[in-house]
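S.K.: Sequence and predicted structure are below.
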Amino acid sequence: MSSELYLGLISGTSADGIDVALVDFCHGARLLHAATYPYAPELRAEALMLAQGEGTFELDQFGRLDVRIGEAFASAAMNLLRSADTRTTSVRALGSHGQTVRHRPDGPHPFTLQLGDASVIAERTGLVTVADFRRADVAAGGQGAPLLPALHAALLAQPGEARAVLNLGGIANFTLLGVDGGVRGFDTGPANALLDAWCQRHTGAACDTDGALAASGHVDQTLLAALLREPYFALPAPKSTGREYFHLRWLDARLAGRALSVADVQATLLALTAHSIAAALQAHAPDTHTVYACGGGVHNPVLMRALQQALPCTLLSTAAVGVDPDFIEAMAFAWLARERLHGRAGNLPGVTGAHGPRVLGAVYAPLPTSHAAQ
């Protein structure tokens with residue numbers, strides 16, 4: 001194979017932008033260049049509306065959204081390559097997670113759905129595009145998530161030390177790295193999803209910058225106890241969740257009859273994130289020595305302080321060990337694209353609950369006559 005350069009792209013449950021990473025796999029996994037490209041406001045609003053089950057979506061609207069997200073992903077990929085002064089002919093493939101708009105891995109007909117038309121991405125970029133990574137795992141009886149633990153283990157495992165990697169996206173998830181080399185993982189519940197949604201509803205801002213709104217309020221212990229009684233938190237692993245579960249309607253139902261300030265609700269939601277994460281670690285890996293955090297939440301100092309107070313062990317950003325906390329997810333989908341082209345399994349059945357290892361992703365190969373810029 002002439003090149004080991006891969007692109008990875010993802011927009012997470014926060015839908016705040018498209019993370020793009022250019023990764024060199026010649027020697028391990030080396031991040032060469034990365035950036036985040038925000039969605040157009042109207043595109044983000046429409047994606048979140050669909051993900052949270054708000055309003056009515058017609059089939060035509062759904063189809064157009066799939067193409068528009070694909071076009072946004074393709075544009076982000078090409079913008080990064082231009083910034084990195086890298087030709088498309090140097091890149092072996094692009095791995096696109098897409099935008100999750102519904103995740104229902106349980107029940108009689110489980111499914112997970114990510115938008116971002118991969119044929120559009122392949123056509124616009126001229127790159128072999130690998131996409132639809134989660135559904136093969138779900139079809140095999142798994143949760144389809146989380147898919148990052150294999151890369152977390154490769155980058156951050158330390159023989160003889162119990163570590164955990166905490167991804168603070170819209171939803172929080174743990175990768176638990178045991179002293180014996182074992183790898184486990186699951187979604188703990190909301191990280192930024194509810195914080196962002198509440199902040200946007202009441203201030204118009206997409207997120208609570210530096211945790212300022214939460215810091216100005218006080219935790220309501222009665223509300224916090226009610227939120228922590230949510231049955232999801234007590235479910236055994238494997239488990240995964242998303243915005244279709246933890247959304248503003250879920251919160252509004254638990255706020256009914258309570259007269260709380262906007263800031264006090266925000267402070268309580270931040271406490272919910274910290275306490276649910278700490279409880280999950282205590283239940284599943286109480287011997288953990290260090291938690292390495294990544295994702296957008298690492299930039300919220302109020303959340304990080306609350307987590308350190310709640311956790312019984314050391315909390316560090318993955319930056320402390322030389323791994324950029326903002327782009328691990330994008331790197332993971334570059335890695336998953338590489339695994340797909342090599343015909344190797346991308347899931348960990350012990351994490352997702354699938355019946356066995358599965359090669360993940362579908363390959364979309366552009367025609368040689370693609371009009372993408374070289």
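M.R.: Received it, and whenever you're ready, just let me know what you need.

S.K.: Do you have the strands of the stretch 201-350 of the chain handy? List them.
M.R.: Along the stretch 201-350 of the chain, counting by DSSP state E, counting those that start in this stretch, strands occupy 290-294, 314-317.

S.K.: Show me what the last one is packed against.
M.R.: Spelled out, that is strand 314-317. strand 290-294, helix 301-310 (3 or more CB pairs under 8 Å, 6 or more residues apart in numbering; DSSP states H and E). Glycine gets a C-beta too; all of them are placed from N, C-alpha and C.

S.K.: cool, and the first one?
M.R.: Contacting strand 290-294 under the criterion 3+ CB pairs under 8 Å, 6+ apart are the following elements: strand 163-168, helix 301-310, strand 314-317.

S.K.: try it again with 6 Å
M.R.: strand 163-168, strand 314-317 (3 or more CB pairs under 6 Å, 6 or more residues apart in numbering; DSSP states H and E).

S.K.: which helices and strands sit right next to the helix or strand that the longest one is followed by?
M.R.: Downstream of strand 163-168, the next assigned helix or strand under DSSP states H and E is strand 171-177. Helices and strands touching strand 171-177, as assessed by 3+ CB pairs under 6 Å, 6+ apart, comprise helix 149-156, strand 163-168, strand 183-190.

S.K.: quick one: strand 171-177 to strand 290-294, angle?
M.R.: On the basis of axes from the mean of the first three to the mean of the last three CA atoms, to 10 degrees, strand 171-177 is oriented at 140 degrees to strand 290-294.

S.K.: partners of strand 171-177 in the sheet?
M.R.: In the sheet, strand 171-177 lines up against strand 163-168 (antiparallel), strand 183-190 (antiparallel) (DSSP bridges).

S.K.: Kindly reformat the ones you listed as CSV containing mean neighbour count, mean pLDDT and distance to Asp196.
M.R.: Formatted as CSV, the strands paired with strand 171-177 follow (neighbours: other CB atoms under 10 Å; pLDDT from 0 to 100; distance: least, CB to CB, whole Å):
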stretch, mean neighbour count, mean pLDDT, distance to Asp196
strand 163-168, 26, 97, 12
strand 183-190, 25, 97, 10
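
S.K.: re the thing from before, nearest to Leu270 among the helices and strands packed on strand 290-294 would be which one?
M.R.: strand 163-168 (11.4 Å; CB to CB).

S.K.: looking at the helices and strands packed on strand 290-294, which is closest to Gln266?
M.R.: That would be, of those and by CB to CB, strand 163-168, which comes in at 16.1 Å.

S.K.: Tabulate the CA atom coordinates of the closest one in CSV.
M.R.: Extracted in CSV, the C-alpha atoms of strand 163-168 (Å, rounded to 0.1, in the frame of the first residue of the first chain):
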residue,chain,number,x,y,z
ARG,A,163,-6.6,3.5,33.6
ALA,A,164,-9.8,5.0,32.2
VAL,A,165,-10.3,7.2,29.2
LEU,A,166,-13.3,9.5,29.6
ASN,A,167,-14.8,11.1,26.4
LEU,A,168,-16.8,14.2,27.3
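
S.K.: now the angle between helix 149-156 and it, please.
M.R.: Here the directions of strand 163-168 and helix 149-156 differ by 120 degrees (the same axes, to 10 degrees).

S.K.: so what strands line up beside the longest strand along the chain?
M.R.: Counting residues, the longest strand found in the chain (DSSP state E) is strand 91-104. In the sheet, strand 91-104 lines up against strand 5-11 (parallel), strand 111-115 (antiparallel), strand 129-131 (parallel) (DSSP bridges).

S.K.: out of these, nearest to Gly211?
M.R.: Nearest of these to Gly211, taken as CB to CB: strand 5-11 at 22.6 Å.

S.K.: List the buried residues for the helix or strand following that closest one?
M.R.: Once the chain leaves strand 5-11, the next helix or strand it forms, by DSSP H and E, is strand 18-24. Residues 18-24 are the ones in strand 18-24 that count as buried (16 or more other CB atoms under 10 Å).

S.K.: what does stretch 23-31 give?
M.R.: Using 16+ other CB under 10 Å as the test for burial, stretch 23-31 gives 23-25, 29, 31.

S.K.: what's the farthest-apart pair in those residues?
M.R.: Checking those with CB to CB, the most distant pair is Phe25 and Leu31, at 10.8 Å.

S.K.: show me where this structure has helices.
M.R.: Taking DSSP state H to define them, one finds helices in the chain at 41-51, 59-83, 118-125, 135-139, 149-156, 193-203, 212-215, 221-228, 248-255, 262-284, 301-310, 328-341, 349-352.

S.K.: got the ones you listed as TSV, with distance to Leu7, mean neighbour count and mean pLDDT columns?
M.R.: TSV is the format used below for the helices of the chain (distance: least, CB to CB, whole Å; neighbours: other CB atoms under 10 Å; pLDDT from 0 to 100):
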stretch	distance to Leu7	mean neighbour count	mean pLDDT
helix 41-51	21	18	90
helix 59-83	6	19	97
helix 118-125	8	22	98
helix 135-139	21	21	98
helix 149-156	15	21	93
helix 193-203	26	21	96
helix 212-215	35	21	98
helix 221-228	38	15	98
helix 248-255	34	14	96
helix 262-284	31	22	98
helix 301-310	30	18	98
helix 328-341	6	26	97
helix 349-352	24	21	96
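
S.K.: Could you save these as a markdown table and add columns showing distance to Arg104?
M.R.: Formatted as a markdown table, the helices of the chain follow (distance: least, CB to CB, whole Å):
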| stretch | distance to Arg104 |
| --- | --- |
| helix 41-51 | 12 |
| helix 59-83 | 16 |
| helix 118-125 | 21 |
| helix 135-139 | 9 |
| helix 149-156 | 21 |
| helix 193-203 | 16 |
| helix 212-215 | 30 |
| helix 221-228 | 22 |
| helix 248-255 | 15 |
| helix 262-284 | 21 |
| helix 301-310 | 28 |
| helix 328-341 | 21 |
| helix 349-352 | 15 |
